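J.: Curious how this folds, go ahead:
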Amino acid sequence: MGTSAKEEMNKFWTKNTRLNRPVSPHISIYQWSVPMLLSISHRGTGVGLSSGISAFALAALVLPESYPYYLDLIHSMSFGPQFLAFSKFALAFPVAFHTFNGVRHLIWDVGKGFKIPEVYRSGYVVIALTVLASIGLAAM
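T.: Next up is the predicted model:
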């Protein structure tokens, strides 16, 4: 019989320690790039949007009053226009980003846009469209 899995693992870590290799892949060995940042942000906005929608749905089920009551409650707090504009922008930004980056991923799914310059260009387009759409939605 061969060696056990534990022995193989010990040999692996002994060799890596002897050769002074970092644990790979490790975030400290990568240079941050736009595609990396957009990929991480896409996942984060997906989790955040799913969590937010779930929280609002759960709140709608368990809170004792109806939607118009809570809407009137928010109106009665009389927040300033700057706060409301910022709040609308903060809500619109992740939705717009996740939507535009999702379209970018759908284009990749058909096999287009995989060359490095195209990946960066499409990333910058996603960022620009996200900012413009968020400003437009916040201005409504």
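
J.: Just the pLDDT for Ala128.
T.: If you check Ala128, the pLDDT there is 98.

J.: Find the helix or strand that it is a member of.
T.: helix 116-139 (DSSP states H and E).

J.: Also Gly111?
T.: Applying DSSP H and E, one finds Gly111 in no helix or strand.

J.: give the contact list for it.
T.: By Cβ atoms under 8 Å, 6 or more residues apart in numbering, Gly111 lies in contact with nothing. C-beta here means a position set from N, CA and C on the backbone, and glycine is covered the same way.

J.: Got phi/psi on it?
T.: Backbone torsions for Gly111, taken as degrees, to the nearest 10, come to phi 90, psi 20.

J.: picking up where we left off before, packing partners for the helix holding Ala128?
T.: helix 34-62, helix 81-109 (3 or more Cβ pairs under 8 Å, 6 or more residues apart in numbering; DSSP states H and E).

J.: pLDDT on the last one, on average?
T.: Put plainly, it is helix 81-109. pLDDT averaged over helix 81-109 gives 95.

J.: try stretch 45-65
T.: 95.

J.: how about that stretch as CSV, C-alpha atoms only?
T.: Extracted C-alpha coordinates of stretch 45-65, given in CSV (Å, rounded to 0.1, in the frame of the first residue of the first chain):
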residue,chain,number,x,y,z
THR,A,45,-23.9,43.1,-4.5
GLY,A,46,-25.6,39.8,-5.3
VAL,A,47,-25.5,38.7,-1.7
GLY,A,48,-26.5,42.1,-0.5
LEU,A,49,-29.4,42.5,-2.8
SER,A,50,-30.7,39.0,-2.0
SER,A,51,-30.3,39.6,1.7
GLY,A,52,-32.1,43.0,1.4
ILE,A,53,-35.0,41.7,-0.6
SER,A,54,-35.4,38.8,1.9
ALA,A,55,-35.3,41.1,4.9
PHE,A,56,-37.9,43.4,3.4
ALA,A,57,-40.1,40.4,2.5
LEU,A,58,-39.8,39.0,6.0
ALA,A,59,-40.5,42.4,7.5
ALA,A,60,-43.6,42.7,5.3
LEU,A,61,-44.8,39.4,6.7
VAL,A,62,-44.2,40.0,10.4
LEU,A,63,-44.7,43.7,10.9
PRO,A,64,-48.1,44.6,12.3
GLU,A,65,-49.0,47.5,10.0
